[in-house]
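Novice: Just the structure for this:
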Amino acid sequence: MYRSIHNVLLSSRHVAPSPPVKRCRLDWRAKAQRVEEMEIRVCSNRTCRRQGSFQTLETLCGVAPPNVTVKSCGCLGRCGSGPNLVVLPDGLTVGHCGTAARAAEVIITLFAEAGHDPKACLDALALRKRADIEFANRNFTQAELLLSQAIDLKPFGGIHVTFKCRSLVRLELGNYSGALQDAEEALALAPRYSEAFICQGDAFLALNKFDLAEQSYLASLDIDPSIRHSKSFKSRIIKLEEKLAAANIS
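Specialist: Residues are numbered from 1 along each chain as shown. Okay, the predicted model is just below:
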């Protein structure tokens with residue numbers, strides 16, 4: 001396997017086997033996170049941009065469930081009543097979405113079941129942003145605490161990203177089993193989440209489960225072929241090859 005892994009992972013043609021993913025144990029996982037793919041497009045034209053569409057776009061990306069893709073787009077009409085957004089494939093247009101609170105309200109109204117609180121989504125997003133700063137400063141213990149607080153809020157959307165982020169933090173802390181568990185929680189919520197497969201592969205690699213690490217990296221590559229050319233992905237493959245070589249020698 002050592003001789004072929006580099007070519008398999010970085011070649012343009014491959015079939016990615018599915019690594020084992022544990023069933024999510026979270027009984028509060030929303031049904032909307034498992035339904036058909038949908039898309040929100042946020043107008044980034046001049047008028048809507050002046051009315052705060054970039055903040056709207058950022059908030060929607062942070063609190064959307066995994067089955068909802070958020071993108072910017074050109075003018076949707078109705079200038080002056082924005083920021084405007086459209087929900088596809090339904091074609092529903094929503095106006096006056098210029099604050100973070102309004103963006104979270106739109107997500108809850110359109111996709112969530114009764115009982116979900118938009119404020120919980122925003123509070124969890126704020127905690128995740130603070131954790132990102134702590135992670136960048138290598139304050140991993142504080143980052144883990146903040147991310148755990150965000151998860152405990154049980155927000156409707158963005159929870160899969162938070163699990164992925166905590167997986168990264170736990171990997172840095174040397175908690176490899178915890179990192180693997182969080183990656184699997186993220187994948188249970190978002191089975192096509194390429195970054196979570198990367199985290200899963202990193203955890204398997206740290207646990208010296210080389211075959212499973214390879215499968216996870218292959219699955220990530222199958223979802224997002226563009227990562228083949230990234231330095232970070234290539235470095236992971238080199239690290240996997242080195243560990244395989246050392247294992248074969250021993």
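Novice: which residue ranges form the strands in the protein?
Specialist: Along the chain, the segments classed as strands by DSSP state E run 38-43, 68-73, 85-88, 92-94.
Novice: tell me the most buried of the ones you listed?
Specialist: The highest average neighbour count among those, using mean count of other C-beta atoms under 10 Å, belongs to strand 38-43 at a mean of 22. No exception for glycine: its C-beta is placed from N, CA and C like everyone else's.
Novice: what angle sits between it and strand 68-73?
Specialist: 20 degrees (axes from the mean of the first three to the mean of the last three C-alpha atoms, to 10 degrees).
Novice: Now render the strands of the chain as CSV, adding distance to A247 and mean pLDDT.
Specialist: As requested, these are exported to CSV (distance: least, C-beta to C-beta, whole Å; pLDDT from 0 to 100):
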stretch, distance to A247, mean pLDDT
strand 38-43, 44, 95
strand 68-73, 40, 95
strand 85-88, 48, 95
strand 92-94, 54, 93
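Novice: Of all these, which one comes closest to G178?
Specialist: strand 68-73 (27.9 Å; C-beta to C-beta).
Novice: The closest one packs against which elements?
Specialist: On a contact count with 3 or more C-beta pairs under 8 Å, 6 or more residues apart in numbering; DSSP states H and E, strand 68-73 meets strand 38-43, helix 53-63.
Novice: How about the contacts made by the spatially most central residue of the chain?
Specialist: By C-alpha atoms, centre = their mean, the chain has its centre lying nearest to V161, at 3.8 Å. When contacts are counted by C-beta atoms under 8 Å, 6 or more residues apart in numbering, V161 touches 62, 128, 186.
Novice: The last one - how many residues pack around it?
Specialist: Burial measure for A186: 28 neighbouring residues, criterion other C-beta atoms under 10 Å.
Novice: Pretty sure it sits against K164.
Specialist: Yes. Proximity of A186 to K164 meets the contact threshold set by C-beta atoms under 8 Å, at 4.5 Å.
Novice: Identify the contacts common to the two.
Specialist: 193, 196, 199.
Novice: Just give me the closest of those residues to V169.
Specialist: Closest to V169, out of all of the shared contacts of A186 and K164 and judged by C-beta to C-beta, is C199, at 10.3 Å.
Novice: rewinding a little: for F204, see how far away the residue nearest to the centre of the chain is.
Specialist: 21 Å (C-beta to C-beta, to the nearest Å).
Novice: Quick check: buried residues in stretch 97-113?
Specialist: Neighbour counts using 16 or more other C-beta atoms under 10 Å place 97-98, 100, 102-108, 111-112 of stretch 97-113 among the buried residues.
Novice: that older thread, by neighbour count, which of the shared contacts of A186 and K164 wins?
Specialist: Result: A196 is most packed of these (other C-beta under 10 Å), 30 neighbours.
Novice: residues contacting it?
Specialist: Contacts of A196 by C-beta under 8 Å, 6+ apart are 160, 163-164, 167, 183, 186-187, 190.
Novice: And the helices in this protein?
Specialist: Taking DSSP state H, the helices of the chain run over residues 2-10, 46-50, 53-63, 100-111, 118-136, 140-152, 159-172, 176-189, 194-206, 210-223, 231-249.
Novice: quick one: A213 and C199 touch, right?
Specialist: No. Counting by C-beta under 8 Å, A213 does not reach C199; the two are 11.0 Å apart.
Novice: quick one: common contacting residues for these two?
Specialist: By C-beta under 8 Å, 6+ apart, no residue touches both A213 and C199.
Novice: Okay, now the unreliable bits of the protein?
Specialist: Along the chain, the model assigns pLDDT under 70 to residues 1-35, 250.
Novice: Show me the domain layout of it.
Specialist: 31-111, 117-249 (automatic domain parsing).
Novice: can you give me the end-to-end distance of the longest one?
Specialist: This points to domain 117-249. 55 Å (C-alpha to C-alpha, to the nearest Å).
Novice: quick one: it to chain centroid distance?
Specialist: Relative to its parent chain, domain 117-249 has a centroid offset of 9 Å by C-alpha atoms, centre = their mean, to the nearest Å.
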